[in-house]
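# Whatever this is, show me its structure:
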Amino acid sequence: MSQPDNDIATLPTGTAFVDAFVADVSGQIRGKRLLASAWPGAVRDGVAFSASALILDAHGGSQGPLGLGTLDGDPDGKGFPLPGMLHAVPWAREAVAQCLLSMRDGQGKPLWFDPREVLRGVVERCRADGLFPVVSCELEFYLVGADQAGRPVPMAAQRGGVARAGGGHLCLQNLEDFAPFLHGLHAAMAAQGIPGDGLVSEYGPGQFELNLMHGPDPILAADHAVLQKRATQGVAARQGFRASFMAKPFAAHAGSGLHVHVSLVDEHGRNRFGAPGGEALLGHAVAGMQALHGQSMALFAPSFSAYRRYRAGSFVALSSAWGEDNRSVAFRVPRSGPSARRIEHRLAAADASPHLVLAAILAAIHHGVTQSLRPTEPVHGNADGREDASLPRDIFSALHAFETGAILPAYLPAQFPRLFAELRRAETASLFAQVQPAEYDFYI
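Reported below is the predicted structural model:
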């Protein structure tokens, strides 16, 4: 198929099907595969499917938070194609294109629990007060195979016919071992306009981090993170294995995070953190992140298993410490020139919704700046031993902190904290209803 332009009405030549989808509250793709002949009608009238698709649990189950999708009769919403989001799907076996949608309700209004709309509300509040964020996302993931029993295991790279299962942070040979996959991923991202900015081998065996480029549109940045996940999983599946963004898929190996780099610019695009007076502004932003840390954890780590990632010695902070050029803290200020002065937010798990993560981070920055909050003293040296017992360490504590928070909920649609908490509690109950294999070792 030839590459499409930004005209969403014009399909790539030879297209047989179009995958039209939204990103749900788990950051997963939900939607329909349409015949190419149905695409003109979809552009004109939208794509109708259950509005509650946006609030399914991570396993695809309908939990009916607030009665949505159950007590309301499960009404349709309509997804409308987003400009610039129609692209060919290079890894598909058929001639398939794809397009990200924004969801509207039966009255044609943006759906309030669409994560894109949740983020949009926070972005508009920031811009109304003269705060213009520039963001980029870094996603870590594992390439996953299976052992003889069919259980997931990290991919063991093959070199000279010998399985090499070790990790190797920044190991170029690991990149070479997986070159067919990585080159295929970069080609797919380029074909779909996803702005990749580099790839590194991470600590776990078969674990990588893919960086996206900085941009002034946080909603688009979150869109690109979702599309990058889809491309990564699609290219991996085409090559016979899986790509996992699970926060802690293997107990013995490093977890996977979603790191967000964020700065503030003025109306001319000049970095305010690197300008005169910028250090005070940066401090206010960090202080806001510290203030909303506990209230935001449910969005940063939305699953029961994600909390296994928060362990000492894992380069995942257990406190709200911050510091310059220090990867052991929650909020790192990388070494850079004035034009690139920024904060790296290191708390979120890779399986979180990028839109909701950015909503929480930008709400924290807005709060810190508008209230002129002061941060703690920066940490020098290893902060790994610091732990704040008041921060949530499990999904139930995190959901309680989110629902009852005094600050973050005020930045979100009024019912969203309750909806999200009901969904995650029901999801966790569904998980606990299953007998786990380890339980036989403990109790049978």
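# so what's the residue most central in space within the chain up against?
Nearest to the mean C-alpha position of the chain, counting by C-alpha atoms, centre = their mean, stands residue 354 at 2.9 Å. Going by C-beta atoms under 8 Å, 6 or more residues apart in numbering, residue 354 touches 23, 27, 137, 221, 222, 225, 226, 258. Any C-beta I mention is one placed from the backbone N, CA and C, and that applies to glycine too.
# Quick check: of those, which lies closest to residue 191?
residue 226 (16.5 Å; C-beta to C-beta).
# For the closest one, grab the count of nearby residues.
By other C-beta atoms under 10 Å, 25 other residues sit near residue 226.
# SS state for it?
Three-state call for residue 226 (DSSP: H, G, I helix; E, B strand; the rest coil): helix.
# which residues touch it?
Taking C-beta under 8 Å, 6+ apart, we find residue 226 in contact with 23, 27, 29, 100, 354, 355.
# Surely the third one is in contact with residue 20?
No - in this structure, residue 29 is not within contact of residue 20 by C-beta atoms under 8 Å, at 10.3 Å.
# about what we covered before: could you identify the buried members of the contacts of residue 354?
Among the contacts of residue 354, those classed as buried by neighbour count (16 or more other C-beta atoms under 10 Å) are 23, 27, 137, 221, 222, 225, 226, 258.
# now the first one, nearest residue through space, not along the chain?
The reference is to residue 23. residue 226 (4.4 Å; C-beta to C-beta, 6 or more residues apart in numbering).
# And that neighbour, how far from residue 419?
As judged by C-beta to C-beta, to the nearest Å, residue 226 and residue 419 stand 20 Å apart.
# and residue 339, helix, strand or coil?
helix.
# Which strand or helix spans residue 101?
Taking DSSP states H and E as the criterion, residue 101 maps to strand 96-104.
# Could you name the helices and strands sitting against that strand?
strand 17-23, strand 76-81, strand 87-88, helix 115-128, helix 218-238 (3 or more C-beta pairs under 8 Å, 6 or more residues apart in numbering; DSSP states H and E).
# what's around residue 7, how many residues?
For residue 7, the neighbour count with other C-beta under 10 Å is 11.
# Could you number the chain from 626 rather than 1 from now on?
Taking 626 as the first residue, the last one we looked at is residue 632.
# any idea of the pLDDT on it?
Residue 632 is assigned 76 on the pLDDT scale.
# and it, that's in a strand?
No - secondary structure of residue 632, determined by three-state DSSP: coil, with no strand assignment.
# List the contacts of it.
Contacts of residue 632 (C-beta under 8 Å, 6+ apart): residue 711.
# same thing with the one 10 residues further on?
Counting by C-beta under 8 Å, 6+ apart, residue 642 makes contact with 658, 659, 660, 661, 719, 720, 721, 722.
# if you set the cut-off to 10 Å instead, what comes out?
Residue 642 makes contacts with 636, 657-661, 663-664, 714, 717, 719-723, as judged by C-beta atoms under 10 Å, 6 or more residues apart in numbering.
# Thanks a lot, catch you later.
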